[in-house]
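Asks: Below: sequence and its predicted model.
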Amino acid sequence: MTVSNSIIQRALGSGNPVIHGDRAIFIWEGDSAPHLIGDFNHWDDKPKRFKRVSPRLIPDSAQPIWYAALPFPRDAYVEYAFHDPVTQKNFLDPLNKKSVPNGMGGRNNFFYMPETMPSPFPMRRADVTPGALAGHRVDTKWLREDYEREIFFYRPPVKEPVPLLVVYDGQDYLNRGKLAVIVDNLIAEGRIQPIAMAFLPSGGRWRDVEYACSDGTLLWLDENVLPLAKEKLNLLDIQKHPGAYGVLGASLGGTMAMYTGLRMPDVFGRALSQAGAFSIASRDFAVVDLARHGQAREVQIWMDVGQLDFLLEDNRRMHALLQEKGYDVTCREFSAGHNYTAWRNDVWRGLETMFPAKP
């Protein structure tokens, strides 16, 4: 497509990108142009190059103008950045003031296409009674010796015993995912039954070891976390309500959530995996073998994944296997990539499915 002078002026005046139909158009001023990378090319696969605008379209411009145009679904959420091909470094779009932490110490620009918007549930409301959050130091036996880790328990604003949701990468779900606020609002609106939560932080640079289908993580959960949760929270008796608890995670944490459900179905009968990873370098994780052998078919499984996510096909393959083996599995695809904003916007759907409000 060609770009018009009116689109250029809109970008220079109101910011990038300009949405024109199903296309997002980005403008750059300068003698040379950066590359465009983001969810749409998985951040490193074939960066989008800018094209120079004909000087006849911009006779009054003091410097060259460049543009790049990409098609997106009308309901997409997209993160992106500019990439300097000389320094090989990413930087923010100077014509877009909207940015979000990328989880790796930097920030990405973002935008929403016109037929979607942020979920309302992460917004704290004055008329909603919040649950109580409390931190506790827990020994990391089975993970690391002579070391402690802080976990957070969420107690809903109710008196009756409730099921527990264990959350991997708990610090990210608390801070970036706003999960405690989401659950506050869902309970207040009667969209889910009240639940308690245990937010478990990852092990930092040991995260891959702990979440790659690790029985050490399960032992830590079973011997250290669950007894403390039973002591500090008013939980359903899991002996009387087997499988009543749930477990949630994203990316490799989603892998670990599903593995937890299939290995401990007597406790965790509800597994929520957001953009889980099920194979690396053509080798399947152990959770795939468990599913292939029909382990714990009674576990209810929720999967969601973005259609711009590099793990989309991996999730489709796992979903097909679970269906073939007779699991109660739901897989939802949405128009976004691999990031916490996408998971934050969609997680309420999984919670409604797994913890429906009681009549």
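Replies: That came through fine. Numbers count the residues shown, from 1 in each chain.
Asks: count of residues packed around residue 47?
Replies: Using other Cβ atoms under 10 Å, residue 47 has 16 other residues around it. (C-beta placed from N, C-alpha, C; glycine too.)
Asks: again, but for residue 18
Replies: 24.
Asks: Could you measure from it over to residue 216?
Replies: In this view, residue 18 and residue 216 are 51 Å apart by Cβ to Cβ, to the nearest Å.
Asks: Could you do residue 208 as well?
Replies: For residue 208, the distance to residue 216 (Cβ to Cβ) stands at 13 Å.
Asks: Same check on residue 332?
Replies: Noted for residue 332: a distance of 31 Å to residue 216, by Cβ to Cβ.
Asks: cool, and residue 339?
Replies: Residue 339 is 28 Å from residue 216, by Cβ to Cβ.
Asks: chain center to the longest helix anywhere in the chain: distance?
Replies: Identified as the longest helix of the chain according to DSSP state H is helix 340-354. How far helix 340-354 lies from its chain's middle: 8 Å, per Cα atoms, centre = their mean, to the nearest Å.
Asks: ditto for stretch 37-45
Replies: Going by Cα atoms, centre = their mean, where stretch 37-45 is centred and where its chain is centred differ by 17 Å.
Asks: With stretch 117-133 instead?
Replies: For stretch 117-133, the distance to the chain centre is 18 Å (Cα atoms, centre = their mean).
Asks: Which positions within it qualify as buried?
Replies: Across stretch 117-133, burial judged by 16 or more other Cβ atoms under 10 Å covers 119, 121-122, 128, 130-131.
Asks: contacts for stretch 74-86?
Replies: Stretch 74-86 has contacts (Cβ atoms under 8 Å, 6 or more residues apart in numbering) with 22, 24, 28, 34-40, 47, 72, 89-93, 100, 102, 108-116, 308, 334-337, 339, 341-342, 345.
Asks: In strands only, show me those residues.
Replies: Among the contacts of stretch 74-86, the residues falling in strands (DSSP state E) are 24, 28, 35-38, 89-91, 100, 108-112, 334.
Asks: Buried among these? Make that a PyMOL selection.
Replies: Here is the PyMOL selection string for the buried members of these, based on 16+ other Cβ under 10 Å:
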select buried, resi 24+28+35+36+37+38+90+108+109+110+111+112+334
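Asks: Sounds good, over and out.
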